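**Student:** Got a sequence here, can you build the structure:
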Amino acid sequence: MGKVKVSGILVGAGLGLRMGGDVKKPFIQINDKPVFLHTIDRFSQCSLISEIVLIVGEPEINVVLDTWRDSLNAYNIKKIVPGGKRRQDSVFNGLCNVDADTEIVLIHDLVRPLVKKEHIEAVVYKTREYKAAILAAPMKATVKEVNDDLSIKKTIPRNKLWMAQTPQGFEKTLIINVFRQFQHTGREFTDDAQMVEEAGHPVYIVPGSDENIKITTPDDIRIAKALLK
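**Tutor:** Below you'll find the predicted structure:
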């Protein structure tokens, strides 16, 4: 196969303050660098990525530019896009701003700074083959379905359960058409893959790593500090 143009969409808009502080999660410092720059660094290391589109809340755009302009220039970040009300609105804003000749998009949580280069590459290759592929980790815990009173209804076999992560890769035309299909339905989706699944297109798993955590709690910060040394 010849080389295709791949755009990385890094989504940080709409991320709440879950740490008990005033700093939003993408801007929390880990080892003297904000989370979002660690994430950009991982994507920048992958030669398959042609451009990076950064999505942050509209109020944060000027802060990002004023505070980290030199770093963004060093990573050749030319597109900073304001997010929407919901995550899926933010992603659609990003999709509308990728280069016209982009063939594949990789959508990634801006607060997953531990994604590995080889996993980014694997998602690109799988997406080229099947048009839709996501990084995921096999379920290791025993999962219980419960009743309203929290009594256990049944144990769910975990051998076919995977925990979805990002990046999630899609052929650009496919994902834009799917977004437009659901745009005015009022429905909300837990991730981009769910939208593609419900549109009737198969989505394939790329086995990932438990280290690819989403920064959500103070414990996640401690883990990330140790792993990003």
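**Student:** residues near the closest residue to Val11 other than its chain neighbours, how many?
**Tutor:** Spatial nearest neighbour of Val11, excluding adjacent residues (C-beta to C-beta, 6 or more residues apart in numbering): Ile55 at 4.9 Å. Placement of C-beta: from N, CA and C, glycine included. Look at Ile55: counted by other C-beta atoms under 10 Å, it has 25 neighbours.
**Student:** Identify the residue nearest the geometric centre of this structure.
**Tutor:** What sits nearest the mean C-alpha location of the chain, by C-alpha atoms, centre = their mean, is His108, with 1.9 Å.
**Student:** From Arg187, how far out is that residue?
**Tutor:** Using C-beta to C-beta, to the nearest Å, one gets 22 Å for the distance from His108 to Arg187.
**Student:** same question, Ala164
**Tutor:** 18 Å.
**Student:** roughly how far is the longest strand seen in the chain from the heart of the chain?
**Tutor:** Once the chain is assigned using DSSP state E, the strand that runs over the most residues is strand 162-171. Strand 162-171 sits 8 Å away from the centroid of its parent chain (C-alpha atoms, centre = their mean, to the nearest Å).
**Student:** Following element in sequence after that strand, please.
**Tutor:** helix 172-182 (DSSP states H and E).
**Student:** From the rest of the structure, what touches that following helix?
**Tutor:** 7, 88, 91-92, 95, 98, 102-105, 107, 131-132, 189, 192, 195-196, 198-199, 201 (C-beta atoms under 8 Å, 6 or more residues apart in numbering).
**Student:** Tell me where the longest helix sits in the protein.
**Tutor:** Looking across the chain with DSSP state H, the single longest helix is helix 58-74.
**Student:** Quick one: residues in contact with that helix.
**Tutor:** 12-13, 24, 27, 34, 37, 40, 54, 56, 80, 82-83.
**Student:** do that again at 7 Å, thanks
**Tutor:** Outside helix 58-74, the residues that touch it by C-beta atoms under 7 Å, 6 or more residues apart in numbering are 37, 56, 80, 82-83.
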